[in-house]
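Q: Can you look at this prediction? I've put the sequence above it.
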Amino acid sequence: MASFDRPQGKAAFGVYVHWPFCLSKCPYCDFNSHVRHAPIDEARFVSAFAREIETSAERAPGREVTSIFLGGGTPSLMAPQTVGAILDAIGKHWRVAGDVEVTLEANPTSVEATRFRGYRAAGVNRVSLGVQALDDASLKALGRLHSAREALDAVAIARQSFDRYSFDLIYARPDQTPQMWADELKLAISEAAEHLSLYQLTIEEGTPFFGLHAAGKLKMPDEAVARALYDVTQDVCAAQGLPSYEISNHARPGAECKHNLVYWRGEEYAGIGPGAHGRLDIDGERHAIATEKRPEAWLMRVEANGHGFITDDVLNSEERADEFLLMGLRLAEGIDPKRYAALSGRTLDPGRIAVLREEGAIIVDADGRLRVTQAGFPVLDAVVADLAA
C-alpha cells in the first residue's frame with residue numbers, strides 16, 4: 001500500500017497547540033479541558049504560547065513545519081486574532097512549508113460564519129468539527145450543547161470557508177443498533193467532503209460516564225454489537241469512498257490529515273500549551289515532553305521559566321521501537337519492519353508474525369510492509385503486545 005502523500009526525503013514536523021478551555025465538560029471526556037466562568041485573558045495566553053514556541057524552537061532549530069493542529073478543549077472559542085498571533089509566533093521561530101496544513105478544532109456551538117472567515121484570514125486552512133452525533137436524543141445523552149440541525153448548519157458554514165474540513169462522530173452509544181448507525185453514517189458522509197473521524201464510545205475512569213456505568217445506569221453495547229457497529233463503519237465508509245487509513249479515521253485518497261500522520265508515523269512534533277505532549281529529536285536522542293496540565297499553573301511556569309515542561313524524558317531504543325509499533329500499526333499502510341529493527345536493535349520475531357498471519361490478524365506485503373487486517377484491528381492492542389513481546 002502506498003505511503004499517502006509524503007514526498008520522498010522530506011521529513012514531516014508538526015506543531016500541536018492546546019487550547020484548554022470549553023463551555024462545558026462532556027460526561028465522557030477525559031481530555032485536558034477546563035470550564036472557566038470568568039473571561040479568559042487571551043493576550044496573556046498568546047504571550048505564553050509564543051514564549052513556549054520560542055523555547056521549543058531553540059531546542060529543535062532548523063525544522064520546517066509541515067502541519068499545525070490547534071486542539072483542545074475548544075479552540076474555536078479563541079478570537080481569530082489570537083489564532084493569528086499563535087501562527088505568527090510559529091512562523092517567526094521555524095520555517096513553515098508552503099503547503100502547510102493548519103487545522104483548528106471547532107464545536108458547532110461556537111461556529112459563526114464571521115469567526116470562520118476570521119480563522120481563514122489568520123491562516124487556518126482546515127477545520128475539524130466536534131459533531132459527535134446526528135440525532136438530538138444522542139447529543140443530549142452525550143452532554144453536547146448543540147442540536148443535530150446546529151451541527152449540520154456548522155458543517156455548511158465550514159464548507160463555505162474551507163476547502164478541507166472533517167468532523168467527528170461517536171458510535172457504540174447506548175441503545176444504538178447497526179442499522180441506526182448505518183443510516184447516520186450515510187447522512188454524515190453526504191455532508192463530509194473528504195474526512196471523518198469515527199470513535200467508539202469508551203468509558204474512561206474519572207468521567208461522569210464512568211460512575212454511571214459502574215452504577216448500572218449506563219448500558220453499553222455488548223461485545224458482539226460493538227463489533228457489528230465497527231464492521232458497519234468499515235463497510236459503509238469504504239462503499240462511499242472514505243476507506244479507513246487509520247483505525248478511527250476515514251478519508252478520500254489524498255485527504256488524510258497530515259498532522260495526525262506525523263504522530264502515527266513516529267515523526268517529530270512540538271507540543272505547546274497546557275497538557276500538550278511532544279516528541280523532539282535533540283542531539284540525536286528522542287525526547288518525550290509533556291507540559292503542566294492546569295492552565296493557570298502552566299501560565300506561571302512559562303512566565304517564570306520560558307516553558308511549561310513538567311516531564312522531559314529521553315526514550316531508549318526499546319521505548320522508541322515500541323512506540324513506533326503501537327502508533328504505526330494503527331495505520332492501514334502499516335509499518336516497515338526494517339525501521340523497527342533500526343530503532344530497537346532487534347528484528348520482530350518471525351514465529352510470532354507467522355502465527356498472527358495464520359490467524360488472519362496481519363498480512364505482509366510483497367515489499368515486506370507489515371499491516372493489520374480489518375479482522376485484526378478490533379484486537380489491535382493484543383496484536384501489538386504479541387509483536388512487541
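A: Done, it's in.
Q: how close does residue 82 get to residue 56?
A: Distance from residue 82 to residue 56, counting by Cβ to Cβ, to the nearest Å: 19 Å. The C-beta positions use only the backbone N, C-alpha and C, and glycine is treated the same way.
Q: Looking at those two now, which is surrounded by more residues?
A: Shown here are residue 82 and residue 56; by other Cβ atoms under 10 Å, residue 56 has more neighbours (25 against 20).
Q: Contacts only, for the more buried one.
A: 93, 270, 272, 278, 280, 307 (Cβ atoms under 8 Å, 6 or more residues apart in numbering).
Q: wait, the first one sits on residue 54?
A: Pointing back at residue 93 there. Yes: using Cβ atoms under 8 Å, residue 93 is in contact with residue 54, at 5.4 Å.
Q: more neighbours, the two?
A: More crowded of residue 93 and residue 54, by other Cβ under 10 Å: residue 93, with 21 against 14.
Q: The stretch 1-150 of the chain: helices as residue ranges?
A: All helices of the stretch 1-150 of the chain, identified by DSSP state H, counting those that start in this stretch, fall at 42-59, 80-93, 113-122, 136-141, 148-161.
Q: same deal with the stretch 151-300 of the chain?
A: For the stretch 151-300 of the chain, the helices defined by DSSP H, counting those that start in this stretch cover 178-191, 208-214, 223-239, 258-264, 295-305.
Q: what's next to the first one, contact-wise?
A: By that I understand helix 178-191. By Cβ under 8 Å, 6+ apart, helix 178-191 touches 131, 133-135, 152, 155, 167, 169, 171, 196, 198, 225, 228-229, 231-233, 236-237, 240, 242.
Q: among the residues you listed, which ones are buried?
A: For the contacts of helix 178-191, a burial check counting by 16 or more other Cβ atoms under 10 Å picks out 131, 133-135, 152, 155, 167, 169, 171, 196, 198, 228-229, 232-233, 236-237, 240, 242.
Q: What pLDDT is listed against residue 81?
A: pLDDT recorded at residue 81 is 97.
Q: And for the residue nearest to it when sequence neighbours are not counted, the neighbour number?
A: Spatial nearest neighbour of residue 81, chain neighbours left out: residue 122 (7.2 Å); criterion: Cβ to Cβ, 6 or more residues apart in numbering. Residue 122 sits with 20 neighbouring residues when counted by other Cβ under 10 Å.
Q: I'd guessed residue 122 sits against residue 83; true?
A: Yes: between residue 122 and residue 83 a contact is recorded at 4.6 Å, counting by Cβ under 8 Å.
Q: Can you give me the pLDDT of the closest residue to residue 242 other than its chain neighbours?
A: Once flanking residues are discounted, residue 242 sits nearest to residue 250: 4.2 Å by Cβ to Cβ, 6+ apart. With respect to pLDDT, residue 250 scores 97.
Q: Residue 250 contacts residue 235, correct?
A: No: contact status for residue 250 versus residue 235: not in contact, 11.5 Å apart, counting by Cβ under 8 Å.
Q: between those two, who's got more neighbours?
A: Taking other Cβ under 10 Å, residue 250 and residue 235 do not tie; residue 250 has more neighbours (29 against 14).
Q: Skipping adjacent residues, who's closest to residue 119 in space?
A: Leaving aside its chain neighbours, residue 119 sits nearest to residue 80 (5.3 Å; criterion: Cβ to Cβ, 6+ apart).
Q: Next up, the contacts around that neighbour.
A: Counting by Cβ under 8 Å, 6+ apart, residue 80 makes contact with 115, 118, 119, 121, 122.
Q: swap in residue 112?
A: By Cβ under 8 Å, 6+ apart, the neighbours of residue 112 are residue 157.
Q: let's see 10 Å
A: Listed by Cβ atoms under 10 Å, 6 or more residues apart in numbering, the contact set of residue 112 reads 76, 118, 154, 157.
Q: Please apply the same query to residue 171.
A: 132-133, 138, 178, 180-181, 184-185, 198-201, 221, 226, 229-230, 232-233 are the contacts of residue 171 under Cβ under 10 Å, 6+ apart.
Q: ok, now residue 348?
A: Applying Cβ under 10 Å, 6+ apart, the residues near residue 348 are 321, 325, 335, 337, 340, 341, 370, 387, 388.
Q: Counting neighbours, what do you get for the last one?
A: If I follow you right, that is residue 388. Neighbour count of residue 388, defined by other Cβ under 10 Å: 17.
Q: quick one: least confident helix or strand in this structure?
A: Within the chain, no helix or strand scores below helix 208-214, which has a mean of 61 by mean pLDDT, DSSP states H and E.
Q: and the nearest residue to residue 163 once chain neighbours are set aside, how far is that from residue 243?
A: The shortest distance from residue 163 to any non-neighbouring residue, by Cβ to Cβ, 6+ apart, is to residue 125 (7.4 Å). Distance, residue 125 to residue 243, by Cβ to Cβ: 24 Å.
Q: The two: which is more packed in?
A: Neighbours were counted for residue 125 and for residue 243 using other Cβ under 10 Å; residue 125 has more, 18 against 14.
Q: I'd say the more buried one and residue 164 touch.
A: Yes: assessed by Cβ atoms under 10 Å, residue 125 is found in contact with residue 164 at 6.4 Å.
Q: Quickly list what's touching both of the two.
A: Common neighbours of residue 125 and residue 164 (Cβ under 10 Å, 6+ apart) are 101, 102, 103.
Q: Which ones among these map onto strands?
A: Among those, the subset assigned to strands under DSSP state E consists of 101, 102, 103.
Q: Pull up the overlap in contacts between residue 122 and residue 83.
A: What both residue 122 and residue 83 touch, as defined by Cβ under 10 Å, 6+ apart, is the set 102, 104.
Q: Can you name the residues that contact residue 14?
A: Contact analysis of residue 14 by Cβ under 10 Å, 6+ apart lists 63, 65-69, 100-101, 258-263, 267-271, 278-279.
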